[in-house]
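Enquirer: Sequence plus the predicted model coming up.
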Amino acid sequence: MAEKQLSELCKILSDQGFDARLEGKDCAVHAVNTLEGAKSGEITFLANPKYESAVAQTRASAVILKDDLDVPAGLSAIRCAEPYAAVTLAIITLHGYRKHPQWGKSESAEIHASANIGANANIAAGVTIAADVTIGDNCTIYPGCYVAEGTQIGHDCILFPNVVIYDRCEVGHRVTIHAGSVVGEDGLGYAPYEGKWIKIPQVGRAVLGDDVEIGANCTIDRATLGQTEIGSGTKFGNIVVVGHGTKIGKDCMFVGLVGLAGSANVGNHVTIAGQAGVAGHVHVGDDVTVAGQSGVTSDIKPGMTVLGLPAEDARDTKRVMAATKKLPALIKRLQALENEVKELRGKLEK
């Protein structure tokens, strides 16, 4: 970890366009931590105003936050408009990125003679690289990984333990794939015939763009025909499932336990929250947000925020949910009115 004066950190942030301003005493910090966990010599941050009360309890030496939020006396502050983005840069400055072990090309890795391995390869023991594979410069491949024949991997990629990439797939530059994920396995392609399922050969492939990050235990099916595509800059959490032939645009964010059925088409800058699903052959437009545990069963127009099952405009769904909570009371009122009407009818009949 590096150590920086708050004034130095302010300058670094400002140089990156954050317009950061120091308020209070200048001091040295060596780490970033949470509001609850921070100690003296560490800096913390506040991005969500609902946690403002926790600032009064923190033991940090400084906090990154917006102009309109208060800090207790004696606590230094770095003020900026985007504290969450600013703390990201602070983490990079003070902690840096994960340092990977340097194995070089391990003698116990199985690398086919026809594979083309780039400069500064860092390939661990227990890795298997099949025929006609191309791996770019500065790649790190952890133990237990398998890269099948004909696969192409770009520069500066990281495959964590037990990643499997099936044959003829393509991985762009600066891609990170976390432990246990599989790229290019067969999709669920079967044709019904006389009461049985006949396997359809999955002759397509899977293609990942540049700067993609795939979480742990994700699966990305190869296409039956053509290719499954993950656009550049897209990020997956853990246990994300992508069906065969699906096309995902650039700079999307899929949280854990998201599932997309085959041949879905997702635009650019789409965010899908945890445990949400997208049906096959559905088109999701650019800049859409899908709330957690929602089910997208029909096309979604660009820019919408959707919620529920089936997923609809979030504002309408929230109104329905609010009305649903009132149903028990409404049923009681209806029963009371029915009893009153019955009583009045009885009186009129007399």
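Expert: Sure, I can see it.
Enquirer: going forward, measure contacts between C-alpha atoms and count neighbours the same way
Expert: Noted.
Enquirer: and Val320, what element?
Expert: helix 314-325 (DSSP states H and E).
Enquirer: Following element in sequence after that helix, please.
Expert: For helix 314-325, the succeeding helix or strand toward the C-terminus, using DSSP H and E, is helix 327-349.
Enquirer: Check the average confidence over that following helix, would you?
Expert: Average pLDDT, helix 327-349: 88.
Enquirer: Packing partners of that helix?
Expert: Helices and strands touching helix 327-349, as assessed by 3 or more CA pairs under 8 Å, 6 or more residues apart in numbering; DSSP states H and E, are absent.
Enquirer: got the angle between it and helix 314-325?
Expert: 50 degrees (axes from the mean of the first three to the mean of the last three CA atoms, to 10 degrees).
Enquirer: so how far is helix 327-349 off the chain centroid?
Expert: How far helix 327-349 lies from its chain's middle: 53 Å, per CA atoms, centre = their mean, to the nearest Å.
Enquirer: got it, and stretch 247-264?
Expert: 9 Å.
Enquirer: any idea of the mean pLDDT in it?
Expert: 98.
Enquirer: Check stretch 140-153 too.
Expert: Summarised as a single mean, pLDDT over stretch 140-153 is 98.
Enquirer: Can you tell me which helices and strands the helix holding Val320 packs against?
Expert: strand 305-307.
Enquirer: got the contact list for the strand it packs on?
Expert: For strand 305-307, the surrounding residues in contact (CA atoms under 8 Å, 6 or more residues apart in numbering) are 288-292, 294-295, 312-314, 317.
Enquirer: buried set for it?
Expert: By 16 or more other CA atoms under 10 Å, the buried positions in strand 305-307 come out as 305-307.
Enquirer: Any chance of the residues you listed in CSV with pLDDT and distance to Arg59 as columns?
Expert: As requested, those are arranged in CSV below (pLDDT from 0 to 100; distance: CA to CA, whole Å):
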residue, pLDDT, distance to Arg59
Thr305, 97, 38
Val306, 97, 40
Leu307, 96, 39
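Enquirer: With distance to Val183 as added columns, please give the residues you listed in a markdown table.
Expert: Formatted as a markdown table, the buried residues of strand 305-307 follow (distance: CA to CA, whole Å):
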| residue | distance to Val183 |
| --- | --- |
| Thr305 | 29 |
| Val306 | 29 |
| Leu307 | 29 |
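Enquirer: Spit out the contact partners of the residue lying closest to Val296 once chain neighbours are set aside.
Expert: Of all residues not flanking Val296 in the chain, Val278 sits nearest, at 4.7 Å (CA to CA, 6 or more residues apart in numbering). Taking CA under 8 Å, 6+ apart, we find Val278 in contact with 259-261, 264, 295-297.
Enquirer: And for Asp68?
Expert: For Asp68, counting by CA under 8 Å, 6+ apart, there are no contacting residues.
Enquirer: Report pLDDT for it.
Expert: Predicted confidence (pLDDT) for Asp68: 83.
Enquirer: Please report how far Val171 lies from Glu229.
Expert: Going from Val171 to Glu229 by CA to CA, to the nearest Å gives 10 Å.
Enquirer: Can you give me the neighbour number for Asn265?
Expert: Neighbour count of Asn265, defined by other CA atoms under 10 Å: 22.
Enquirer: just checking, it touches His244?
Expert: No: between Asn265 and His244 there is no contact under CA atoms under 8 Å: 11.1 Å.
Enquirer: residue contacts, Cys252?
Expert: Counting by CA under 8 Å, 6+ apart, Cys252 touches 231, 233-235, 268-271.
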